[in-house]
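Asks: sequence unknown, structure follows:
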């Protein structure tokens, strides 16, 4: 989330919680993995190509990445849901 907050795309491993799916769906960067240490297969070569295609984002893309970080990963984004949970637990 820190990279997104800075307006930078991320490079993450496949299956990292729900985050790898979000990165794919929202095009937030590159998801690598699934080759279980076998660096001599097509998946690892494809991953290297994907990572190599990342470039410094233009201003509009940086703004989009920062907005997604604010919408999904800040305390403010989850404040109401957390307060509701606390109310339910204390009832």
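Replies: Everything's here; your move. Keep in mind that what you see is a predicted model, and the values were worked out from it rather than measured.

Asks: C-alpha only now, for contacts and for neighbours.
Replies: Noted.

Asks: what's the least confident helix or strand in this protein, going by average pLDDT?
Replies: Least confident helix or strand of the chain, by mean pLDDT, DSSP states H and E, is helix 42-52 with a mean of 56.

Asks: I'd like the next helix or strand past that one.
Replies: Next in sequence after helix 42-52, counting helices and strands by DSSP states H and E, comes helix 59-73.

Asks: where does the protein dip in pLDDT?
Replies: 34-52 (pLDDT under 70).

Asks: Which residue, other than its chain neighbours, is closest to the residue nearest the centre of the chain?
Replies: Centrality entry for the chain: nearest residue to the mean C-alpha point is residue 23, 4.2 Å, by C-alpha atoms, centre = their mean. Once flanking residues are discounted, residue 23 sits nearest to residue 29: 6.0 Å by C-alpha to C-alpha, 6 or more residues apart in numbering.

Asks: Pull up the gap between that neighbour and residue 90, please.
Replies: Going from residue 29 to residue 90 by C-alpha to C-alpha, to the nearest Å gives 40 Å.

Asks: Those two: which is more packed in?
Replies: A count of neighbours by other C-alpha atoms under 10 Å puts residue 29 above the other of residue 29 and residue 90, at 22 against 7.

Asks: Great, nothing more from me.
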